[in-house]
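Student: Structure for the following, please:
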Amino acid sequence: MAQQNIEGIDNADAVNPLRDRKVLSFVRRSARLDARLQRAMDNHAARYVLDNIAEEGRLDPTPGFGFTGSYVRDHWGAAAPLTVEIGSGQGENVVAAAAAHPERNFLAIEVYDPGVAHTVLLAAKHGLDNLRVARINAPELFAVMEPGVVDEVWTFFPDPWPKMRHHKRRIVQPELAVHMHAALREGGVWRIATDIEDYALHVHEVMDARADFENVGDLTVSLPTAHVGKGNAAQAAALPHADFVESPRFDGRVLTNFERKGLDAGRVIHDFTYRRV
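Tutor: Just a heads-up that it's a prediction; the model follows:
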């Protein structure tokens with residue numbers, strides 16, 4: 001989960017290795033690991049972090065790499081249904097799910113080193129064998145996935161990119177939906193959650209009209225029919241509204257501190273379930 005709005009984007013882009021190649025949904029930041037997280041990486045990264053999936057120092061797949069069923073069997077040790085979390089943050093959700101469902105495989109995609117390290121720390125603490133972590137740009141990884149290799153995808157509370165000029169950086173985009181449709185098995189699902197009303201509208205605009213995904217929600221919510229940005233968000237209530245279909249809260253998602261803060265601030269959590277058809 002890229003949970004927080006990131007300022008200083010122009011300076012950060014200047015050192016991003018992928019800046020000239022694509023519009024990213026994140027800004028790559030370096031952060032020194034504290035002693036606890038560094039020990040976790042030193043002791044357990046070899047077990048949990050997929051170090052052959054991306055080029056050294058970059059976030060795009062190694063040339064010629066393909067994420068296949070045989071790759072999953074080789075690196076997880078079992079051919080079980082695979083859940084992929086895009087933006088796993090501190091790893092609370094994916095680790096809890098992997099601990100609760102040892103019969104399934106899980107992949108946490110995270111680009112921030114402290115998040116990777118914290119996920120490794122939690123996975124090791126639980127002694128998990130069915131979880132792996134990848135430092136990679138999610139859209140590029142999905143572009144090299146074998147058809148049907150993924151059972152389920154989670155994108156919980158992605159970075160909202162609230163400024164209007166940054167909306168193109170939001171992770172939910174038509175291009176990703178195309179690759180995700182190919183990677184998901186028939187009937188596989190993409191679960192999305194956000195506590196930002198404007199992002200909820202964005203998800204509906206990208207996904208609801210697609211013929212290759214079905215919105216299987218059964219809740220009716222009212223949303224503004226026009227977008228607002230960081231500077232004019234207060235105007236949203238006065239805009240024309242329309243009804244949209246969303247899902248109940250996914251009971252497989254643990255209540256993290258981030259989600260709790262959103263609820264405490266009075267924000268509504270929007271859940272979506274899109275099934276591959």
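Student: and residue 162, what does it touch?
Tutor: Taking Cβ atoms under 8 Å, 6 or more residues apart in numbering, we find residue 162 in contact with 5, 196, 198, 229, 230, 233. In short, each C-beta sits where N, CA and C put it, glycine included.
Student: Just the buried subset of these, written out for ChimeraX, thanks.
Tutor: In ChimeraX, this line selects whichever of the contacts of residue 162 come out buried by 16 or more other Cβ atoms under 10 Å:
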select :196,198
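Student: Could you dump the contacts of residue 162 into CSV and include distance to residue 75?
Tutor: As requested, the contacts of residue 162 are exported to CSV (distance: Cβ to Cβ, whole Å):
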residue, distance to residue 75
5, 34
196, 34
198, 38
229, 41
230, 40
233, 43
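Student: nearest to residue 81, of the contacts of residue 162?
Tutor: residue 196 (30.0 Å; Cβ to Cβ).
Student: That closest one: what's its closest spatial neighbour, skipping adjacent residues?
Tutor: residue 160 (4.2 Å; Cβ to Cβ, 6 or more residues apart in numbering).
Student: Tell me if the one you found really is in a helix.
Tutor: No - Residue 160: not assigned to a helix; according to DSSP: H, G, I helix; E, B strand; the rest coil it is coil.
Student: residues contacting the residue sitting nearest the centre point of the chain?
Tutor: Most central in the chain under Cα atoms, centre = their mean is residue 86, positioned 2.2 Å from the mean C-alpha point. Residues in contact with residue 86, defined by Cβ under 8 Å, 6+ apart, are 109, 138, 153, 154, 155, 158, 171.
Student: Show me those that map onto strands.
Tutor: Residues of the contacts of residue 86 located in strands (DSSP state E): 109, 153, 154, 155.
Student: quick check, nearest of the residues you listed to residue 242?
Tutor: The closest of those, once distances to residue 242 are taken by Cβ to Cβ, is residue 155, at 23.4 Å.
Student: Can you get me a residue count around the closest one?
Tutor: 25 (other Cβ atoms under 10 Å).
Student: next one: residue 203
Tutor: The number of residues near residue 203, taken as other Cβ under 10 Å, comes to 24.
Student: can you give me the helices for the stretch 101-250 of the chain?
Tutor: If DSSP state H, counting those that start in this stretch is used as the criterion, the helices of the stretch 101-250 of the chain fall at 113-126, 138-143, 174-183, 197-207.
Student: JSON lines for those helices, including mean pLDDT?
Tutor: Converted to JSON lines, the helices of the stretch 101-250 of the chain look like this (pLDDT from 0 to 100):
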{"stretch": "helix 113-126", "mean pLDDT": "97"}
{"stretch": "helix 138-143", "mean pLDDT": "96"}
{"stretch": "helix 174-183", "mean pLDDT": "98"}
{"stretch": "helix 197-207", "mean pLDDT": "97"}
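Student: How far does stretch 237-244 sit from its chain's centre?
Tutor: Distance of stretch 237-244 from the chain centroid (Cα atoms, centre = their mean, to the nearest Å) equals 27 Å.
Student: Identify the bridge partners of residue 272.
Tutor: In this entry, residue 272 is beta-bridged to residue 192, by DSSP bridges.
Student: Spit out the contact partners of it.
Tutor: 190, 191, 192, 193, 200, 203, 207, 215, 217, 246, 247.
Student: which among the contacts of residue 86 gets closest to residue 274?
Tutor: residue 153 (9.3 Å).
Student: Neighbours of that closest one, how many?
Tutor: 25.
Student: and it, what are its bridge partners?
Tutor: Counting by DSSP bridges, the residues bridging with residue 153 are residue 84, residue 190.
Student: Tell me the pLDDT of it.
Tutor: pLDDT for residue 153: 98.
Student: I figured it hits residue 189, correct?
Tutor: Yes - using Cβ atoms under 8 Å, residue 153 is in contact with residue 189, at 7.4 Å.
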